[in-house]
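Q: need a 3D model of the sequence below.
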Amino acid sequence: MAMLLKHARASSSLLKQHVTRAHLLSRPFTTTEGHRPSIVHKRSLDILHDPWFNKGTAFSMTERDRLDLRGLLPPNVMSPDLQIERFMVDLKRLEVQARDGPSDPNALAKWRILNRLHDRNETMYYKVLIAKIEEYAPVVYTPTVGLVCQNYSGLFRRPRGMYFSAEDRGEMMSMVYNWPAEQVDMIVVTDGSRILGLGDLGVQGIGIAIGKLDLYVAAAGINPQRVLPVMIDVGTNNEKLLEDPLYLGLQQHRLDGDDYLAVVDEFMEAVFTRWPNVIVQFEDFQSKWAFKLLQRYRSTYRMFNDDVQGTAGVAIAGLLGAVRAQGRPMIDFPKQKIVVAGAGSAGIGVLNAARKTMARMLGNNEIAFKSAKSQFWVVDAKGLISEGRENIDPDALPFARNLKEMERQGLREGASLEEVVKQVKPDVLLGLSAVGGLFSKEVLEALKDSTSTRPAIFAMSNPTKNAECTAEEAFSVLGDNIIFASGSPFSNVDLGNGHIGHCNQGNNMYLFPGIGLGTLLSGARIISDGMLQAAAERLATYMSEEEVLKGIIFPSTSRIRDITEKVAAAVIKEALEEDLAEGYHGMDARELKKLSEDELAEYVKNNMWNPEYPTLVYRKE
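A: The predicted structure is shown next:
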């Protein structure tokens, strides 16, 4: 009898542990509220005009009665799948008709149609975006978002996001309470000063923040009611916009110095006062401010800069993937000779991250860090950067080549990209210059002498017209024994005889959604270099050996939700190891540490928002 009682108590204890663990994994957390009824304080036409709650023809008859909608909609209750089918038929029919003349490309017409859907029914919009992510990610994000930003004043119909301007100084703390959401998990903010490779687009840069947050929702499952695109309008130095009477922003030259910093400081204080747990992603700030603002805020606030750190992470993942594609172990990365074209915020961000990665693999000490520096040759608009250059950019200085060493290599200060490639014979040619066509036929020809059995070309600048070269140009000059990656999407190249030149899109969307989601679900106090490195390394190992040996180093965007889950889990794990995690919504760091790898993956997956119509319940305010 005593033995039976002992077994019963043990079974009860095991059952209790199992139930507790199951409860931890399934409890409502951040984004799972979409599965529960939503309380609304409006009815009738007000509901139909609210994109957060509108279901269109999918409202059930019970909801139509409860919300005073009977008679305001056609009587046929459609399933969400049928709604999407009807929308897709419409979209295909309207694509050409929606064009504003022959100069308006189809991609922009698609953006207009999707934007109209976004304006009237958010759930269905994200349902379409997730289901057709390969087709529509290039429409809501790069490269089409560049066109959208260039034309935003004319495309603007319905307000989306918030605008904090130089005229609002002293008012931002109260302004932030004008936003209707009680909880905001993710903000993407820009000042419009360097949109993609298109330069200063002023207030029209809000389009990039909207596009990035669409991917946070689609790829990371961040609840769309808890994201906020933000424009900090401090003026513009784009003379064309300053003279345009239809321009929507402040028509004055950009603030600079302490005046500029005061505006951004006030914005950061305001948003973190109202939403202490929010994550702020800085996007498309000119190089002059990108690094300065990152260093100013990163140890105080939960923030990161996607151009500096996200681009760097994706490039690191690609560079490590290229080592694998050459049939070598990733630990051989510190032996790679890398020529970098471009020394702006993205270029320097990649250089710093690559150097840290090499140093860590070499022992993570001062000697390793010094040794890693010698693997990079940086070329900017004035040519190869050396220690002999006058007025050198402080951020580029650590990568300036030693003059004596250069002479031994047959190089000089300001040597052209072609000269550098000829003399260095690099394993990797990495472009972050925003100069379309920079990798000319002559530069690509010079890469034929590379000491690598399979050199890698990374033409990473966006949008497409700014890519350093196209996939077709690279493969036509160098044949199929190369690895090719780009920032914008290119089609694979048919090389004949059954050979395919694989085009890898090194898109930031592989990383930033997972970095944001992992930070959110861990409750990390800050976003550390280690968390960003963990994200990059997880992406680098995502592809199978068979895939990388074919030259496929980045996955298809159709797998973006799975990629994001795995990157987020890696970020959470690193935050726990660095003791930065504080937990979130009842799941504290101690409980997170108890989860196995499988449980952690399940935890992430369970807490990603899915576009499902919630049951709506009306209640008076």
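Q: packing partners of the helix or strand that residue 575 is a member of?
A: If you go by DSSP states H and E, residue 575 is part of helix 560-577. On a contact count with 3 or more CB pairs under 8 Å, 6 or more residues apart in numbering; DSSP states H and E, helix 560-577 meets helix 206-220, helix 512-522, helix 529-540, helix 589-594, helix 597-606. C-betas here are computed from N, CA, C, even on glycine.
Q: after the last one, next one along is what?
A: This points to helix 597-606. Proceeding N to C from helix 597-606, the next assigned helix or strand is strand 616-618, under DSSP H and E.
Q: tell me the mean pLDDT for that following strand?
A: The pLDDT scores in strand 616-618 average 85.
Q: with stretch 492-510 instead?
A: If you average the pLDDT over stretch 492-510, you get 90.
Q: just confirm residue 167 contacts residue 249, I think it does.
A: No: in this structure, residue 167 is not within contact of residue 249 by CB atoms under 8 Å, at 10.7 Å.
Q: out of the two, which sits in the busier spot?
A: Neighbour totals were compared for residue 167 and residue 249, and residue 249 leads with 25 against 12 (other CB atoms under 10 Å).
Q: identify the residue nearest the more buried one in space, chain neighbours excluded?
A: residue 203 (2.8 Å; CB to CB, 6 or more residues apart in numbering).
Q: returning to what we had before: any idea which of the helices and strands packed on helix 560-577 gets closest to residue 561?
A: helix 206-220 (6.3 Å; CB to CB).
Q: related to what we said a few turns ago, most tightly packed of the helices and strands packed on helix 560-577?
A: For the helices and strands packed on helix 560-577, the largest average neighbour count (mean count of other CB atoms under 10 Å) is found in helix 512-522, namely a mean of 29.
Q: what angle do that helix and helix 597-606 make?
A: Relative orientation of helix 512-522 versus helix 597-606 (axes from the mean of the first three to the mean of the last three CA atoms, to 10 degrees): 100 degrees.
Q: count the neighbours of residue 328 for me.
A: Neighbours around residue 328, by other CB under 10 Å: 17.
Q: if you could redo that for residue 454, that was the one I meant.
A: Residues lying near residue 454 (other CB under 10 Å) number 17.
Q: tell me how far the closest residue to it other than its chain neighbours lies from residue 350.
A: If the residues on either side of it in the chain are set aside, residue 454 comes closest to residue 326, at 4.8 Å by CB to CB, 6+ apart. To residue 350, residue 326 is 19 Å away according to CB to CB, to the nearest Å.
Q: looking at these two, which one has more neighbours?
A: Neighbours of residue 326 and residue 350, each counted by other CB under 10 Å, are more numerous for residue 350; the result is 28 against 18.
Q: right, and that one touches residue 313 too?
A: No: taking contacts as CB under 8 Å, residue 350 lies outside contact range of residue 313: 9.1 Å.
Q: please state the offset of the lengthiest strand in the chain from the chain centre?
A: Looking across the chain with DSSP state E, the single longest strand is strand 227-233. Between the centre of strand 227-233 and the centre of its chain there are 16 Å (CA atoms, centre = their mean, to the nearest Å).
Q: what's the closest non-adjacent residue to residue 194?
A: residue 286 (4.2 Å).
Q: same check on residue 67?
A: Nearest to residue 67 is residue 43, by CB to CB, 6+ apart, at 4.8 Å.
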